[in-house]
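A.B. asks: dropping a prediction and its sequence here:
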Amino acid sequence: MMAQRSKTATPRAQLRTLGLRAGLVALLLLPAFFGGYPLFLATEGLLLGVAAVALSFLMGHAGIASLGQAAFLGLGAYTLGLALKAGWPLGGALFLAFLVAALYGLLTGLLVFRAQGIFVLMLTLAFAQMVYSAAFKWTALTGGDDGLSLSGMALNPVLLHGAALVLLLLVLGFLGHLLRTPYGKTLEAIRQNEEKARALGVPTFFYKLSAYTLAGGLTGLAGAGLVLHRSFVSPHDLFWLTSAVLVVMVLLGGARGLWGAAFGAVLYVFLQAWVSSLTDLWGLFVGLLLILSVLYAREGLWVLLEKRVGGGGGRA
């Protein structure tokens, strides 16, 4: 009897989880009807959501901790900005942004994944700070501290918002599918016990490098979207604090769920805007929020919602 009940409850729980996700998508569509600042914040949250989902793929499913995601964002943003100024079509510039960020991930990953544990984290941070320093000093190319402006390029904010939402859903669908394939199952095995996977003949270096390269390319694409959204990119966007913010977004929503990372990014952006309008103590608020999350929602706020509403539906 118990087994029968669990079997019949599972599809119902999955439907509730799908309903919860559909509700989130519907909420993200609402700002398109209001316009103005809510639309700006929603688009910002969606694009940062793409970067957070890529980081969740790395942290929660491949077991790769990274404090260098700002480099991918910045490389994607600068590549798109410079390509558009050179006369490239938008589609080609977006693809180039993905390619440059992925190539950076591939080249740095060849060195990063020769280390283990905390040293991986430190190397990702070190490489990212090198990119930040280069962007800050290479004034002839990046504009230095003045940044790079695309103010002459006007995009319809509603269309950009819709494109950002479509991009986020595509990334969620693609990575969610990838995690259900043998490749994704192998990444999960490496996350749980890398030494055992290596002993079984799994080329762990290749799997981690490929995951890091893919996540880097997707984060670069998010950075390209951000420069279209903001019409500006600065070396300060490449500073390590941007990487830390992405980690906070993932932890808030849930590192083991891709949808949780997207939710955490949108939640963070709107909460920051709201709390910052009330007080300058935004950092204190973030700290308290993280403490409460660790104490009462260790798997993330989105996972908590799924358990309440959907009975603990699928994480991906």
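C.D. replies: Here it is on my side, so go on.

A.B. asks: what's the mean pLDDT across the strand or helix carrying residue 283?
C.D. replies: Using DSSP states H and E, residue 283 sits in helix 282-296. The average pLDDT for helix 282-296 rounds to 83.

A.B. asks: kindly report the same for stretch 163-183.
C.D. replies: Here stretch 163-183 scores 96 as its mean pLDDT.

A.B. asks: tell me which stretches of the stretch 151-300 of the chain form helices.
C.D. replies: 157-180, 182-192, 194-199, 204-230, 240-253, 258-276, 282-296 (DSSP state H, counting those that start in this stretch).

A.B. asks: columns mean neighbour count on top of those, output as JSON lines?
C.D. replies: C-beta coordinates here come from the backbone N, C-alpha and C atoms, glycine included. Conversion of the helices of the stretch 151-300 of the chain to JSON lines gives the following (neighbours: other CB atoms under 10 Å):
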{"stretch": "helix 157-180", "mean neighbour count": "17"}
{"stretch": "helix 182-192", "mean neighbour count": "16"}
{"stretch": "helix 194-199", "mean neighbour count": "13"}
{"stretch": "helix 204-230", "mean neighbour count": "24"}
{"stretch": "helix 240-253", "mean neighbour count": "22"}
{"stretch": "helix 258-276", "mean neighbour count": "23"}
{"stretch": "helix 282-296", "mean neighbour count": "13"}
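
A.B. asks: in TSV: the ones you listed, plus distance to residue 121.
C.D. replies: What follows is these, written out as TSV (distance: least, CB to CB, whole Å):
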stretch	distance to residue 121
helix 157-180	22
helix 182-192	15
helix 194-199	15
helix 204-230	13
helix 240-253	10
helix 258-276	18
helix 282-296	18
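
A.B. asks: doesn't residue 168 make contact with residue 25?
C.D. replies: No. In this structure residue 25 lies outside contact range of residue 168 using CB atoms under 8 Å: 9.1 Å.

A.B. asks: so what's residue 157 closest to, chain neighbours aside?
C.D. replies: Using CB to CB, 6 or more residues apart in numbering and skipping the chain neighbours, the partner closest in space to residue 157 is residue 39 (5.7 Å).

A.B. asks: test my guess that the one you found contacts residue 32.
C.D. replies: Yes. Assessed by CB under 8 Å, residue 39 is found in contact with residue 32 at 6.3 Å.

A.B. asks: quick check: neighbours shared by the two?
C.D. replies: Residues touching both residue 39 and residue 32 (CB atoms under 8 Å, 6 or more residues apart in numbering): 158, 161.

A.B. asks: what is the neighbour count of residue 48?
C.D. replies: Residues lying near residue 48 (other CB atoms under 10 Å) number 28.

A.B. asks: need the contact list for it.
C.D. replies: 222, 226, 246, 249, 265, 268, 269.

A.B. asks: what pLDDT does it get?
C.D. replies: Model confidence at residue 48, given as pLDDT, is 97.

A.B. asks: the helix holding residue 283 relative to helix 258-276, how many degrees between them?
C.D. replies: With axes from the mean of the first three to the mean of the last three CA atoms, to 10 degrees applied, the angle from helix 282-296 to helix 258-276 works out at 140 degrees.

A.B. asks: what helices and strands are in contact with the next helix-or-strand element following helix 282-296?
C.D. replies: Using DSSP H and E, the next helix or strand after helix 282-296 towards the C-terminus is helix 301-310. Packing contacts for helix 301-310, counted by 3 or more CB pairs under 8 Å, 6 or more residues apart in numbering; DSSP states H and E, involve helix 2-29, helix 240-253, helix 258-276.

A.B. asks: average pLDDT across helix 301-310?
C.D. replies: 80.

A.B. asks: need the pLDDT of residue 4.
C.D. replies: Residue 4 is assigned 40 on the pLDDT scale.

A.B. asks: and the nearest residue to residue 205 once chain neighbours are set aside, how far from residue 197?
C.D. replies: Take residue 205 and drop its neighbours on the chain: the residue closest to it by CB to CB, 6+ apart is residue 113, 5.6 Å away. For residue 113, the distance to residue 197 (CB to CB, to the nearest Å) stands at 14 Å.

A.B. asks: show me how far the helix or strand the residue nearest to residue 157 falls within is from its chain's centre.
C.D. replies: Using DSSP H and E, residue 39 sits within helix 36-56. Centre-to-centre, helix 36-56 and its host chain are 9 Å apart (CA atoms, centre = their mean, to the nearest Å).

A.B. asks: ok and it relative to helix 157-180, angle-wise?
C.D. replies: Going by the same axes, to 10 degrees, helix 36-56 makes 20 degrees with helix 157-180.

A.B. asks: kindly export helix 36-56 (C-alpha atoms) in PDB.
C.D. replies: C-alpha atoms of helix 36-56 as PDB (Å, rounded to 0.1, in the frame of the first residue of the first chain):
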ATOM      1  CA  GLY A  36      10.600  51.200 -16.300                       C
ATOM      2  CA  TYR A  37      12.700  50.200 -13.300                       C
ATOM      3  CA  PRO A  38      10.900  46.800 -12.500                       C
ATOM      4  CA  LEU A  39      11.600  45.800 -16.100                       C
ATOM      5  CA  PHE A  40      15.300  46.800 -15.800                       C
ATOM      6  CA  LEU A  41      15.700  44.800 -12.600                       C
ATOM      7  CA  ALA A  42      13.900  41.700 -14.000                       C
ATOM      8  CA  THR A  43      16.200  41.700 -17.100                       C
ATOM      9  CA  GLU A  44      19.200  42.100 -14.900                       C
ATOM     10  CA  GLY A  45      18.100  39.200 -12.700                       C
ATOM     11  CA  LEU A  46      17.400  37.000 -15.700                       C
ATOM     12  CA  LEU A  47      20.900  37.600 -17.200                       C
ATOM     13  CA  LEU A  48      22.600  37.100 -13.900                       C
ATOM     14  CA  GLY A  49      20.400  34.100 -13.500                       C
ATOM     15  CA  VAL A  50      22.100  32.500 -16.600                       C
ATOM     16  CA  ALA A  51      25.500  33.000 -15.000                       C
ATOM     17  CA  ALA A  52      24.200  31.700 -11.600                       C
ATOM     18  CA  VAL A  53      22.800  28.600 -13.300                       C
ATOM     19  CA  ALA A  54      26.200  27.900 -15.000                       C
ATOM     20  CA  LEU A  55      27.900  28.300 -11.600                       C
ATOM     21  CA  SER A  56      25.300  25.900 -10.000                       C
END
